[in-house]
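Asks: Predicted model and sequence follow; I will ask about them next.
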Amino acid sequence: MSNLLVQDLVKQYSLEGKSFTVLDKLSFSVDSGDFLTILGPSGCGKTTLIRCICSIEEPTSGKILLDGKPISGIGPDRLMVFQDFNQLFPWKTVIENVIYPLKLNKVSGDIKTLTRRAEEFLDLVHLSAFKHAYPNQLSGGMRQRVAIARSLALNPKVLMMDEPFGALDAQTRSILQKELKSLWRKFQTTIIFITHNVQEAILLG
């Protein structure tokens, strides 16, 4: 069953009176539980596509359906993990960064229940020992692990990842690629992974 359908998607920008087409009648579908890699050079529209799926940007025309229904605004059913290491709240600890979106999106349970859930996902990304640390005390790879744990804890229907390992050293990137694949097998979350790295696309796709 296809849970994400993109149909005839067009995205245009205007600059100095001229119109530029970034996405031109793009159509594809992603089945529930799939891991889709999108490969392409910088500037080809990869990020624009997932920003449209997340409702961060409005398409010029076309349809985006999730479970057969048009997407409607930003929501926890479609989440993004960015390349930027600074996507965590710097004034919150690691575990507070994971708990906060659970509270914000009214995930059922008292604070003890939400804390246990956050701890479970931090354990899955091997960061239990750092749950009381602040983001500035973590390496780039560790911050990306927190961002992944925070997203998966919300149980999104689609998780979009915009070159999340692009700024990491080769060794850390390889480790996180394997960990991500393991987490995907465990949870079967639908993942759309953007990269300009051919080897990464082949490995993860």
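Replies: Right, received. Where do you want to start? Residues are numbered from 1 along each chain as shown.
Asks: Now do the same contact list for Asn97.
Replies: Contact analysis of Asn97 by CB atoms under 8 Å, 6 or more residues apart in numbering lists Leu88, Phe89, Pro135, Val146, Arg150. In short, each C-beta sits where N, CA and C put it, glycine included.
Asks: Leu102 versus the fourth one, what's the distance?
Replies: In other words, Val146. Val146 sits at a distance of 14 Å from Leu102 (criterion: CB to CB, to the nearest Å).
Asks: More neighbours: which of those two?
Replies: Val146 (26 against 22; other CB atoms under 10 Å).
Asks: that's a helix at that one, yeah?
Replies: Yes - counting by DSSP: H, G, I helix; E, B strand; the rest coil, Val146 is located in a helix.
Asks: Excluding covalently adjacent residues, which one is nearest to it?
Replies: Nearest residue to Val146 in three dimensions, chain neighbours excluded: Val94, at 5.4 Å (CB to CB, 6 or more residues apart in numbering).
Asks: Next up, phi/psi of that neighbour, please.
Replies: With angles defined as degrees, to the nearest 10, Val94 sits at phi -60, psi -50.
Asks: Of the contacts of Asn97, just the buried ones, ChimeraX syntax please.
Replies: This is how ChimeraX selects the buried members of those, with burial counted by 16 or more other CB atoms under 10 Å:
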select :88,135,146,150
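Asks: farthest-separated two in the contacts of Asn97?
Replies: Taking CB to CB, the two most distant members of these are Pro135 and Arg150; they sit 11.5 Å apart.
Asks: Pull up the overlap in contacts between these two.
Replies: Leu88, Asn97.
Asks: And Leu23, how close does it get to Gly140?
Replies: Leu23 is 30 Å from Gly140, by CB to CB.
Asks: one step back: ok, the residue nearest to Val146 - contacts?
Replies: Contacts of Val94 by CB under 8 Å, 6+ apart are Leu88, Leu122, Leu127, Phe130, Lys131, His132, Ala133, Tyr134, Pro135, Leu138, Val146.
Asks: the strands in the protein, which residues?
Replies: Using DSSP state E, the strands of the chain run over 2-15, 18-31, 35-39, 61-66, 69-70, 78-81, 158-162, 190-195.
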